[in-house]
Each structure stands twice: as structure tokens, then as C-alpha cells.
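Asks: Can you look at this prediction? I've put the sequence above it.
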Amino acid sequence: MKRIFFYFSFFVFCSSCAPFVDSPFSDNLLRPERNLNQLSLGKIGDIEGDGIIRIAVFSDPHQNYKATDKMVFGMNKETGVDFVAGLGDFTNSAYNLEFDEFIEAIKPLRQITLNAVGNHDSIGAGPELYRKAFGPSNFYFESATYRYIFFNSNNLENPKEFDPQWLKDRVDETGKDIMIFSHVQLRDTDRYFNADAATLGYVIEHPRVKIIFNGHNHVYDLSKDHNTIMMQCGRVDGDEGSHWLLITVQGNQFCVTRKDTGAQTCETIK
């Protein structure tokens, strides 16, 4: 009897927050948008036309919709942004209603937006919901001198789509410089072991891999690993303001501006 009451209470609670299809656990979406990343790729123009690459980066909004609204408002005031990179965890439990609400929250963004998949987005029906809403979880595109790779790093939650060999192949096959966008930090020793760790280490240390972005850990951090810039974006959090990053790359200069504090840091690209 207690178990029946628990499930009843759970569904009443969920249904009071947002609508869903069938149940919060199904792989059906209410919103009609499909293949959003693929549609965005078709809109990307001459990223390096003025000699500067400008990328807005955010991560881990989870269900912080008020902070996400603030972030969207701030991004819409920026001019010249080539694209926005979301680094995943836009849900807590990968319920269909969370996917719907996130899509609704970022819909006002005026910039081209590409979203990586997070570990919270990869449980239950999450992988299928992500594929429906955004498309394949591993993909890349190119500008004049850079290849930009979005990598599904969620080995524990979705091992079927975790493919470090795919990432290595995409790195090896190009002569262009490379930026990688991933939810989990690729040197995460709590997740990656043996052959997987070796392959990801090879990628990090590769001379053409210049910058690797990640979220997941909810705190801002800028470091270098074998001279590769490791740019960790903190969490979109209403308690600390809307944390997101504005990145500029010009020649061998990488600069990041934290939009919650206004602090700017620049590093030399290897």
C-alpha cells in the first residue's frame, strides 16, 4: 500500500510541474523540434571571416530555468558570437518533460546553438530523447582552420554511444587544429581506465588538439594538460548569477571572459 501511495504521489508531483507524454519515463516529446544540432550545423557560416572565433559556452543548467533565462538574455546582448556550445546536463533525470522544458528555455537564443549530451541526459530514455531532439551524440564540423568535435563522454550511463576510437579517428584524419566539446573531463580518472584512458590521453596530448571544453564538475577551471588548454565551464546557477563563458580565439591567443564575474583570462595556444 505504501508503494502504491509513493508512485501515485510521484506522478501527481511530476504532472503538477510540467506536462509529459505517456509518462515522464517515455521516449516521446511534446515539443515538435527534431534534430536541432543538425539544423544548426546547416546555418553555420564563415566562422573565421573576421579572423576571430567567438564561442559562448554554458553547462549544467539542469532545471535552473530562471538562471537559464538570465543566460539567454545575456547571450542575446552579445554581438558577433559564431555559435553557442552547451556542454550537457540540461536535465536532472532525463525525463521527457525536462527535455521539453530545456528546449523551450533556449528557444529565444538568437545565436546558432549546439548541445553536447551530459551524463544526467543519458539515463533511462535519455539517449533516445536526445537523438530525437538533437541528433547523433558524436558529431563534428569545420571552419577554415579548425575542426570542432562534439563527443559523447558518458561511458557509465550510455556505453553504447561512448566511442573513444571514433574521437581518435576524427583527430587523426584531419590536418586542421581541433577543439573538443565534451561533458565529462577527458582525464577523469574515476571514469576512464586502461584502453579508454590511453585513447583519451592520446587525444589530449595530440599536437593538433588545442582546446578541450568540459562541464560536469559545476565549477570554473582553466588549466593546461601537455599544453592543451582544458577549459571547464561551471554550472548555470541561479544562486551565483548566470555563469557562462565568452571565448575568443585569435591566432595563438585564447581568451575567456566569465560572464558571472566579468573576469578575463588569456592563454597562449600551443
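Replies: Perfect, thanks for sending it. Numbering: from 1, shown residues only.
Asks: now the helices for the chain?
Replies: Applying DSSP state H to the chain gives helices spanning 2-17, 36-41, 65-77, 96-106, 126-134, 164-172, 194-205.
Asks: closest to Leu156 out of those?
Replies: Distance to Leu156, taken as CB to CB, is lowest for helix 194-205 among the helices of the chain, at 11.2 Å. Glycine gets a C-beta too; all of them are placed from N, C-alpha and C.
Asks: circling back: can you convert the helices of the chain into a markdown table and add a column each for mean neighbour count?
Replies: Formatted as a markdown table, these follow (neighbours: other CB atoms under 10 Å):
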| stretch | mean neighbour count |
| --- | --- |
| helix 2-17 | 10 |
| helix 36-41 | 17 |
| helix 65-77 | 17 |
| helix 96-106 | 21 |
| helix 126-134 | 22 |
| helix 164-172 | 16 |
| helix 194-205 | 16 |
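Asks: mind listing what Asp237 touches?
Replies: The contact partners of Asp237, by CB atoms under 8 Å, 6 or more residues apart in numbering, come to Asn64, Ala67, His218, His243.
Asks: Low-confidence bits of the stretch 101-250 of the chain, can you list those?
Replies: For the stretch 101-250 of the chain, the stretches flagged by pLDDT under 70 are 238-241.
Asks: Mind jotting down where the strands sit in it?
Replies: 113-115, 139-142, 146-151, 177-182, 209-214, 221-225, 228-232, 245-250 (DSSP state E, counting those that start in this stretch).
Asks: Just read off the phi/psi values of the residue lying closest to Lys259 once chain neighbours are set aside.
Replies: Leaving aside its sequence neighbours, Lys259 sits nearest to Trp244 (CB to CB, 6 or more residues apart in numbering; 5.0 Å). The phi and psi torsions at Trp244 (degrees, to the nearest 10) take the values phi -150, psi 170.
Asks: need the contact list for Trp244.
Replies: Ala56, Val57, Phe58, Met71, Gly74, Met75, Cys233, Val236, Lys259, Asp260.
Asks: was I right about the third one contacting Gly88?
Replies: Right, Phe58. No: with contact defined as CB atoms under 8 Å, Phe58 does not reach Gly88; the gap is 10.0 Å.
Asks: isn't Asp163 right up against Asn152?
Replies: Yes: counting by CB under 8 Å, Asp163 sits close enough to Asn152 to count as a contact (7.3 Å).
Asks: And the residue nearest the centre of this structure?
Replies: Against the mean C-alpha coordinate of the chain, by CA atoms, centre = their mean, the closest residue is Leu87 at 1.5 Å.
Asks: thinking again about what came up before, for Asp163 and Asn152, work out which one has more neighbours and name it.
Replies: Between Asp163 and Asn152, counting by other CB atoms under 10 Å, Asn152 is the more crowded of the two (30 against 16).
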